[in-house]
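Novice: Turn this into a model:
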Amino acid sequence: MQIHHTSNNSSKGVFYISGTDDNLAEMTYSKAGEQLIIIDHTEVSDELRGKGAGKQLVMAAVLYARENGIKILPLCPFAKSVFEKQPDIQDVLQ
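Specialist: Numbering: from 1, shown residues only. Predicted coordinates for the structure are as follows:
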């Protein structure tokens, strides 16, 4: 699964896994200033459910945060649960 990332450079962004016609999984975020992103929603299609796609999206956001020196506030229940289970990625938490 290849994770893609787009951002409109103002206030919104998305990490996603694309399919033939649509995204098979996506995790959206909002920017809160220059140093914080807020993960607000994660959705995975039935086709990818149970295959770790959601976790891969969270890990892509962690890598992005580390590379750009920013923090993450996971308001999405799924993303929050991934952070709670993985102490090794909590360095990017707000």
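Novice: Give me the packing partners of the top helix by length along the chain, helices and strands only.
Specialist: When the chain is parsed with DSSP state H, its longest helix is helix 53-68. Using 3 or more C-beta pairs under 8 Å, 6 or more residues apart in numbering; DSSP states H and E, the elements in contact with helix 53-68 are strand 12-18, strand 23-31, strand 36-44, strand 71-74, helix 77-85. C-beta: built from backbone N, CA, C; applies to glycine.
Novice: I'd like these written out as TSV, with mean neighbour count and mean pLDDT added.
Specialist: Output for these, formatted as TSV (neighbours: other C-beta atoms under 10 Å; pLDDT from 0 to 100):
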stretch	mean neighbour count	mean pLDDT
strand 12-18	19	97
strand 23-31	20	97
strand 36-44	19	98
strand 71-74	20	98
helix 77-85	15	98
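Novice: Of all those, which one comes closest to Lys51?
Specialist: strand 36-44 (8.4 Å; C-beta to C-beta).
Novice: how big is the angle separating that closest one from helix 77-85?
Specialist: 110 degrees (axes from the mean of the first three to the mean of the last three C-alpha atoms, to 10 degrees).
Novice: and strand 36-44 with helix 53-68, angle?
Specialist: 160 degrees.
Novice: Now find how far off-centre strand 36-44 is within its chain.
Specialist: 5 Å (C-alpha atoms, centre = their mean, to the nearest Å).
Novice: 640 is where my numbering starts, stick with that
Specialist: Got it, first residue is 640 now, which makes that one strand 675-683.
Novice: and that strand, what does it pack onto?
Specialist: Judged by 3+ C-beta pairs under 8 Å, 6+ apart, strand 675-683 is in contact with strand 662-670, helix 692-707, strand 710-713, helix 716-724.
Novice: ok, Ile642 - how many residues close by?
Specialist: Using other C-beta atoms under 10 Å, Ile642 has 18 neighbouring residues.
Novice: Check the gap between it and Gly708 for me.
Specialist: For Ile642, the distance to Gly708 (C-beta to C-beta, to the nearest Å) stands at 20 Å.
Novice: Also His680?
Specialist: His680 sits 24 Å away from Gly708, taking C-beta to C-beta as the criterion.
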